[in-house]
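# Give me a model of this one.
(one chain, ligands or ions: 1)
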Amino acid sequence: MAKQIRLNAFEMTSAMLNSHGLWKHPDNVRTRRYKDLDYYTELAQLLERGKFDAVFFADVIGIYDVYKASRDPAIREGVQVPLNDPAFAIPIMAQATKHLSFALTVSTTYDHPYAHARRMSTLDHLTKGRLAWNVVTSYLPSAARNFGHDEMMKHDDRYELADEFLEVAYKLWEASWEDGAIVNDVRRNLFADPSKVHEINHVGKFFRVPGPHLSEPSPQRTPVIYQAGSSPKGRDFAAKHAECLFVGGPTPEATRSSIQDIKNRAERYGRDPEEIKAFTFLNVVVAETEEEAELKFAEYSRLWSGEAAKAQYGGSSGYDLSRYTDLDAIFEYKHTEHGQSRAASLTKDAPKKLTVREVLGSFDRLSRKFAIVGDPRQVADGIQSYFEATGVDGFNLAHFVTPGSLVDFVELVVPELQRRGIYKTDYEEGTFREKLFGPGKRYLPDHHPGAKVRTFPV
Ligand SMILES: Cc1cc2nc3c(=O)[nH]c(=O)nc-3n(C[C@H](O)[C@H](O)[C@H](O)COP(=O)(O)O)c2cc1C
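Presented below is the predicted three-dimensional model:
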């Protein structure tokens, strides 16, 4: 069988994610309904109809206020704010579906592993093992301030803290409650066997957690680990921990070599590269005919907001584009403590040196390189050739109009991909990890660092 494309739908519990300015589109239901229970039920059912592997909830815990040194552009343009807590949408969506999985973004910089591990176990129980955790270290200084810090922790230090955060969480999930700990024996008056519930006694640089874990083992114990760091530190972290990683690059070859680089690093951690699935961004504008698709793209371009795009870039990269006034100057790299790959992509990682004019222009327009536009066959051609050229396992599908763009994808593109034999016509049984890696693989594989903390067999 040909290699099958994996699909996540990129979501956020806010009016808008990265479709800057598109909240104004009259068909953008999410603008008004992102707070409604029914919106999430309907979305989940749509994605399961389209055989999506997972819905991926992005999350930030601050406001983008680097651009123009102000929070106003982000608030005015609805850039990932207002923003609700995505964790609460998951049980609602799980109840409405049987197979769709859920990747939840949680920051290791502004949470605590003891509380976090219980929340994730709870969600893994409620979804019957359909949970993933997108590990992020957070790039917004406003988050740091609201958690009582004058400054953001430095970029590389955040990864060091994240590494210990995961170690604590792994110990709670993998090395605290043995499988047979719940006895539920009325005759012996024994609900759970204390000898099978273990302290973890973690003492590290950032955390002291004696344990035991509060929850009993959930179907996967550790949720599937997603990660999207792409700086050298981020790649190393992904190589050690990620089961699903996000990669990108200016060309398919660059994306392919990023995947290979992370897989090589993973081997140095003693991991099997086959344990890692790589995803990249995808955005599609599809209609019955090419002309209709072009009309849609033109409409989205008219609504696009450069201000919103610059506000999002400011927070994620640390570059305030309002300060770049010499349009002919070269847009140079400078070190920031925000997301470093975002900054590098337009500077030292760009295929050529860019002027300030070119950079600002790339935010002001909706670029065609962000989306495959066409009829169902053209779009499927574009997806298939990108899939083959990069060697990715799947895509994180963004959408300009929600749920309209997803409905178009499910109705027009999914059947075409299925006809070509590169997209599933039905789900595998089992937990999310089993669906991704095969029957019987519900737990972390033995070579994963999370499995190495085990003190008893699972
Ligand atoms: C597909 C994708 C989704 C991401 N989702 C989030 C998110 O929800 N929240 C967040 O704080 N960062 C998110 N990021 C940013 C990454 O966590 C990371 O900060 C960024 O890729 C820069 O990596 P670096 O810090 O190693 O340079 C995402 C990145 C990608 C590529």
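# What residues does this protein have near the ligand?
Within reach of the ligand by Cβ under 6 Å from any ligand atom, the chain has these residues: 58-60, 105, 136, 138-139, 228-231, 234, 246, 339-342, 396. C-beta here means a position set from N, CA and C on the backbone, and glycine is covered the same way.
# Give me the subset of these lying in strands.
105, 136, 246, 396 (DSSP state E).
# Test my guess that residue 445 contacts residue 451.
Yes. With contacts counted by Cβ atoms under 8 Å, residue 445 reaches residue 451, the gap being 6.4 Å.
# Near the residue in the stretch 201-350 of the chain positioned nearest to the ligand, how many other residues are there?
As assessed by Cβ to the nearest ligand atom, the ligand sits closest to residue 234 within the stretch 201-350 of the chain, at 2.3 Å. Using other Cβ atoms under 10 Å, residue 234 has 25 neighbouring residues.
# Can you classify residue 347 as helix, strand or coil?
coil (DSSP: H, G, I helix; E, B strand; the rest coil).
# which residue sits closest to it, ignoring its sequence neighbours?
Closest residue in space to residue 347, ignoring its immediate chain neighbours: residue 333 at 3.6 Å, by Cβ to Cβ, 6 or more residues apart in numbering.
# What strand or helix carries the one you found?
Per DSSP states H and E: residue 333 is located in neither a helix nor a strand.
# That one is in contact with residue 343, isn't it?
Yes. Assessed by Cβ under 8 Å, residue 333 is found in contact with residue 343 at 6.7 Å.
# Compare the two (neighbour count), which wins?
residue 343 (21 against 15).
# I'd guessed the more buried one sits against residue 318; true?
Yes. Using Cβ under 8 Å, residue 343 makes contact with residue 318 at a distance of 6.5 Å.
# Which residue of this protein lies farthest from its centroid?
residue 187 (47.0 Å; Cα atoms, centre = their mean).
# Need the three-state assignment for it.
coil.
# Please report the number of neighbouring residues for the residue of the stretch 1-150 of the chain at minimum distance from the ligand.
Proximity of the stretch 1-150 of the chain to the ligand (Cβ to the nearest ligand atom) peaks at residue 58, 3.1 Å away. Number of residues near residue 58 (other Cβ under 10 Å) recorded here: 21.
# Does residue 137 touch residue 160 like I think?
No. Residue 137 lies out of contact with residue 160 (Cβ under 8 Å); the separation is 9.7 Å.
# between those two, who's got more neighbours?
Of the pair residue 137 and residue 160, residue 137 is the one with more neighbours under other Cβ under 10 Å, namely 25 against 16.
# Now for the residue nearest to that one when sequence neighbours are not counted, how many residues are close by?
Spatial nearest neighbour of residue 137, chain neighbours left out: residue 158 (3.9 Å); criterion: Cβ to Cβ, 6+ apart. Number of residues near residue 158 (other Cβ under 10 Å) recorded here: 24.
# for residue 158, what are its contacts?
108-109, 137-138, 152 (Cβ atoms under 8 Å, 6 or more residues apart in numbering).
# TSV for those, including pLDDT?
Listed next are the contacts of residue 158 as TSV, based on pLDDT from 0 to 100:
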residue	pLDDT
108	98
109	97
137	96
138	95
152	94
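# Just give me the closest of these to residue 91.
Among these, residue 108 lies closest to residue 91 (Cβ to Cβ), at 23.0 Å.
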